[in-house]
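Student: structure, please.
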Amino acid sequence: MALIAPSILSADFANLERDIHDIEKNGADWVHVDVMDGVFVPNISVGLPVVRSLRKVTKLPLDVHLMITKPIRYTGEFVRAGADMLTVHVEADTEENTLACLKEIRALGCRAAISLKPGTPAEAARPFLPWCDMILVMTVEPGFGGQKFMADQMAKLRALREMLREENPGCLLQVDGGVDPQTCGVCKENGAQVLVAGSAYFRAPDRAAFVRQVQAEK
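Tutor: Predicted coordinates for the structure are as follows:
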């Protein structure tokens, strides 16, 4: 069964606790939190205070995706704020600092992940595989919700699946961007185990049914 992580980027921020409880009620697995700094991506979203607040109102795992430059400055703080999975971008800093990020995250008892933008090849993940609990493949350009799914990223997903079979078979593969009832199937067919859905989840006429469809094996 696939896991689904609805993204609060598409939630109603005036009623965020209500929407978090809705995610729980509808059977979703994780809560996905997009942190954007307006530098690494052209948008500003939420930060540490929101993660701390979310931790108080849900027992679901918080899947925190840092779309920020030089994330090593804040990784420890996000773990202490309540993140259960913390994702950093390989493009956001040097290889040395990214490795240091992953090691710090895991040393603090949190699961660690890396993310690849659409233009970043699968091979860029290889130096980090031993330290990853998950790899996130972006199927849109990060920064804004509601974008069109980039099907050409499925080749990258397959390539990563092959790498992980040899080097870290327990590592999860996640997809974020344009996941909806039509695209979730192709993501799972190509190796995705965790799917992030923002606008498609919150706009679904039956959110519980949408969750079940994404979680289904096929």
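
Student: for the nearest residue to residue 172 once chain neighbours are set aside, report the pLDDT, please.
Tutor: Leaving aside its sequence neighbours, residue 172 sits nearest to residue 134 (Cβ to Cβ, 6 or more residues apart in numbering; 4.2 Å). Glycine gets a C-beta too; all of them are placed from N, C-alpha and C. We have a pLDDT of 98 for residue 134.

Student: again, but for residue 217
Tutor: 69.

Student: residue 32 too?
Tutor: 98.

Student: can you list the residues that contact whatever helix or strand it lives in?
Tutor: In this assignment (DSSP states H and E), residue 32 forms part of strand 31-36. Here strand 31-36 makes contact (Cβ atoms under 8 Å, 6 or more residues apart in numbering) with 5-9, 20, 23, 43-47, 50-51, 54, 58, 60-68, 78, 83, 142-143, 176, 196, 198.

Student: where does the protein dip in pLDDT?
Tutor: The model of the chain has pLDDT under 70 over residues 144-146, 217-218.

Student: tell me where this structure has strands.
Tutor: For the chain, the strands defined by DSSP state E cover 3-6, 31-36, 62-67, 85-89, 111-116, 134-138, 172-176, 194-197.

Student: now render those as CSV, adding distance to residue 206 and mean neighbour count.
Tutor: Compiled in CSV, these are given as follows (distance: least, Cβ to Cβ, whole Å; neighbours: other Cβ atoms under 10 Å):
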stretch, distance to residue 206, mean neighbour count
strand 3-6, 14, 26
strand 31-36, 20, 25
strand 62-67, 23, 26
strand 85-89, 27, 27
strand 111-116, 30, 23
strand 134-138, 27, 26
strand 172-176, 22, 24
strand 194-197, 14, 27
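
Student: dump the ones you listed into a markdown table; add distance to residue 128 as well.
Tutor: Formatted as a markdown table, the strands of the chain follow (distance: least, Cβ to Cβ, whole Å):
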| stretch | distance to residue 128 |
| --- | --- |
| strand 3-6 | 21 |
| strand 31-36 | 19 |
| strand 62-67 | 14 |
| strand 85-89 | 9 |
| strand 111-116 | 5 |
| strand 134-138 | 8 |
| strand 172-176 | 14 |
| strand 194-197 | 17 |
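
Student: center of the chain, which residue is that?
Tutor: residue 65 (5.4 Å; Cα atoms, centre = their mean).

Student: who touches that one in this structure?
Tutor: 32-35, 87, 115, 136, 176, 196 are the contacts of residue 65 under Cβ under 8 Å, 6+ apart.

Student: so it bridges to which residues?
Tutor: For residue 65, the beta-bridge partners are residue 34, residue 87 (DSSP bridges).
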